[in-house]
Structure formats: structure tokens, C-alpha cells
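S.K.: Here is the input, now give the coordinates:
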Amino acid sequence: ADATTTGLPTLDGMGSGFRPGELTLLAGRPSHGKTALALHFAKAASMAGLPTYFASLEMTKEALTMRWLASDAEVWFSALRSGALTQTEFAKVSTSVEHLSELPITIDDHANLGVGELRKAMVGANGLLIVDYLQLVQPPESAKGQSRTQEVGAISRALKGIAHDCRVSVLALSQLNRGSEHRTGGDARLSDLRDSGELEQDADQVWMIWRPVLSQHSEAPDDLAVLRVAKHRNGPLGRIELHFDTQRQRFRERTASDSALPPVSGDDAKMKEW
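M.R.: Residues are numbered from 1 along each chain as shown. Now for the predicted structure:
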């Protein structure tokens, strides 16, 4: 089957779109943009007509929707959250609310979601399941009470099982170990996937997101995020430079004009929340 777009042309060109039966991991340290990027993927897939089920075990539906609206309407997340929008911005947000309501996307923020509920939700769904994030999913009954490594391995196998049996694509977000922060150039290894080596085995693809500006002594531009395809069962490995607008929670591929840091405008001189 053809892969559904990720909304990032270079990633699509590497054959890394969302395919039925495949489990993809999106890994990163906290604050590096995993959830914002997952929302970008959810929007791209649902706009392409793929029913998308976003299981959010960390954030409420309201918080996720706010992020989605900030990105779609291109308004500051902090302004949206505080309600300090101009009339123009309010109109853009209203349009985005309509846009979101028309897309085939479901956000489920039940805190104790287990693999059983996720499987039920995907039977006959023919779509994309996004799990934010894997380490928070309740393990199968058979694995409860085992070591953390075994529990996470069981969750990973169950997600791969859902992808295979229900013929859906699964994107699971995963934490990376703290040790990965000290690698040169942010080159986390597959062995840095948190809690279990089985994650690496079960996944068809592993993508890693990293913002150099958050590393010690980094002179990197504030907007730069690097997405690395660290494992790909059926395609090439590689890295893609992304532009991450943290205020508006938006990702896109970087262009030549992004290379220089833009001058600080009055708008951007507002207190940075992110």
C-alpha cells in the first residue's frame, strides 16, 4: 500500500510515510518537540483523508487542541492560551476550529489507556494510531508486575500487533535515556530508547527529534530541529533539518532563508514562553 504523507516532503521521499502494518517510533528527550511534531503528522495524515486516532496519555484533549489551533491558525500559543488575541487572530482561530472539526481525527485523553482499549479503537479503523507516549500505556495484564523492561517490551509488542492485525499504521512517541544528551551532535543511539531494547527490535522505523539549542554550549539557531531516521526496515537512513516555530508550535522543513537568524522583531520580543 502507498504510504500516507508525513507533511515533510524529504521524509516522504525517503519512503518514510505511514503504511498499514508498520510501527514507527518517534523518540526524543523532553521539550525537544515530540508532541508538536506528532500533531504535525496527525494533521498531515488526517488532511490526506487518513482517519487518525491520537491517544494522549500525557496531555489533556484541551491542551492538545490548543497546540493544534496555534499551529493551524499561526498564532502564538501563549496568546491563545491567555485569550489575548487580536480580532484578526481570533478570526483565524475560528476558521481553524471549523477546519479541525471537519478532519477525521479523534483525540482520546483517558489517562489509563491500555493496549486492549487501543486495539478496540483500531479494529476496522483503516487509519493511523498515534500514542503519546509509549512508556505511559498500561501494559497487557500478562506483563503487569514484571520488570519495567519486560512491561515496556510487552507494550511495544502489543502496538506492533495492533499495526499488523488491524492493518493500521502506529506512531508511538518514546522517551530517550538521559545519557543520550551527552552524545556529540545529538546523535542518540537506538540503545538510548528508554526502558527496553525490544522497542528497537519491534519498530519498522525509528525517528529521533533533537533541538541543538537545548544542548549545552550550543550556538545553534533557536528554530533548528533535526529529525533523524535512525532505523528504517525498508528504506534509507538520514537526517532532515526542520524549522520549529516554538511560539506557534509549527514544524516545516528548513530552507536556505532559514539559515541566518532573523532579527528580533517587536512581535518576537514578547516574553518567550517556550
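S.K.: did I read that right, Ala158 in a helix?
M.R.: Yes - when classified by DSSP: H, G, I helix; E, B strand; the rest coil, Ala158 is found to be part of a helix.
S.K.: tell me which element Leu26 falls in.
M.R.: Here Leu26 is covered by strand 23-28, with elements defined by DSSP states H and E.
S.K.: Please identify the pairing partners of that strand and their relative orientation?
M.R.: In the sheet, strand 23-28 lines up against strand 169-175 (parallel), strand 205-210 (parallel) (DSSP bridges).
S.K.: would you turn the ones you listed into CSV with mean pLDDT, mean neighbour count and distance to Val97?
M.R.: Any C-beta I mention is one placed from the backbone N, CA and C, and that applies to glycine too. Output for the strands paired with strand 23-28, formatted as CSV (pLDDT from 0 to 100; neighbours: other CB atoms under 10 Å; distance: least, CB to CB, whole Å):
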stretch, mean pLDDT, mean neighbour count, distance to Val97
strand 169-175, 93, 25, 25
strand 205-210, 91, 25, 28
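S.K.: for these, which one sits closest to Glu62?
M.R.: Of all those, strand 169-175 sits nearest to Glu62, with 19.1 Å by CB to CB.
S.K.: Identify the residues contacting the helix or strand following that closest one?
M.R.: Once the chain leaves strand 169-175, the next helix or strand it forms, by DSSP H and E, is helix 198-202. In this structure, residues lying in contact with helix 198-202 by CB atoms under 8 Å, 6 or more residues apart in numbering are 23, 25, 134, 149, 152-153, 156-157, 159-160, 174, 190-191, 193, 206, 231.
S.K.: Off-centre distance for the strand holding Leu26?
M.R.: Centroid separation between strand 23-28 and its chain, computed with CA atoms, centre = their mean, to the nearest Å, is 8 Å.
S.K.: CA atoms only: put the next helix or strand after that strand into PDB for me.
M.R.: Using DSSP H and E, the next helix or strand after strand 23-28 towards the C-terminus is helix 34-47. Taking C-alpha atoms only, helix 34-47 is exported to PDB below (Å, rounded to 0.1, in the frame of the first residue of the first chain):
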ATOM      1  CA  LYS A  34       7.900  15.300  20.100                       C
ATOM      2  CA  THR A  35       4.200  16.100  20.700                       C
ATOM      3  CA  ALA A  36       4.200  19.200  18.400                       C
ATOM      4  CA  LEU A  37       5.700  17.000  15.600                       C
ATOM      5  CA  ALA A  38       3.200  14.300  16.300                       C
ATOM      6  CA  LEU A  39       0.400  16.800  15.900                       C
ATOM      7  CA  HIS A  40       2.000  17.900  12.600                       C
ATOM      8  CA  PHE A  41       1.900  14.300  11.500                       C
ATOM      9  CA  ALA A  42      -1.700  13.900  12.700                       C
ATOM     10  CA  LYS A  43      -2.800  17.000  10.700                       C
ATOM     11  CA  ALA A  44      -0.900  15.900   7.500                       C
ATOM     12  CA  ALA A  45      -2.400  12.400   7.700                       C
ATOM     13  CA  SER A  46      -6.000  13.400   8.500                       C
ATOM     14  CA  MET A  47      -5.900  16.100   5.800                       C
END
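S.K.: Which neighbouring elements make contact with helix 34-47?
M.R.: Helix 34-47 is packed against strand 23-28, strand 52-56, helix 61-73, strand 105-108, strand 128-132, strand 169-175, strand 250-253, with contacts defined by 3 or more CB pairs under 8 Å, 6 or more residues apart in numbering; DSSP states H and E.
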